[in-house]
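**Student:** sequence? don't have it. structure:
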């Protein structure tokens, strides 16, 4: 299934692990509101499209796993 856009309304997200869950579709741009996120893993799914530029607001990110998907493009410069 897809990640719903409503997850952007979640607050206090620090860890988000949904690796190997048969997810498809695009990463919702709304996840850019998770400014306190430290660990993010969506690896080993079937996600596609480009990385949302909104994740450039993730200033505290320490672990970022998106491998084994069909994502394209580059990471926002704020994350490099």
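**Tutor:** Ah, there it is. Only a predicted model underlies this, so the values are computations on that prediction, with no experimental measurement involved.
**Student:** Would you mark the buried spots in stretch 33-46?
**Tutor:** For stretch 33-46, burial by neighbour count (16 or more other CB atoms under 10 Å) applies to 33, 34, 37, 40, 41, 42, 43, 44, 45. Backbone N, C-alpha and C define where each C-beta goes, glycine included.
**Student:** An error on my part: the question was meant for stretch 16-31.
**Tutor:** 16, 18, 19, 23, 27, 28, 30, 31.
**Student:** Same check on stretch 46-55?
**Tutor:** For stretch 46-55, by 16+ other CB under 10 Å, it's 47, 51, 52, 54, 55.
**Student:** Name the nearest residue to the third one, ignoring sequence neighbours.
**Tutor:** It stands for residue 52. Once flanking residues are discounted, residue 52 sits nearest to residue 29: 4.3 Å by CB to CB, 6 or more residues apart in numbering.
**Student:** Please apply the same query to the fourth one.
**Tutor:** Excluding the flanking residues, the one nearest residue 54 by CB to CB, 6+ apart is residue 32, at 2.4 Å.
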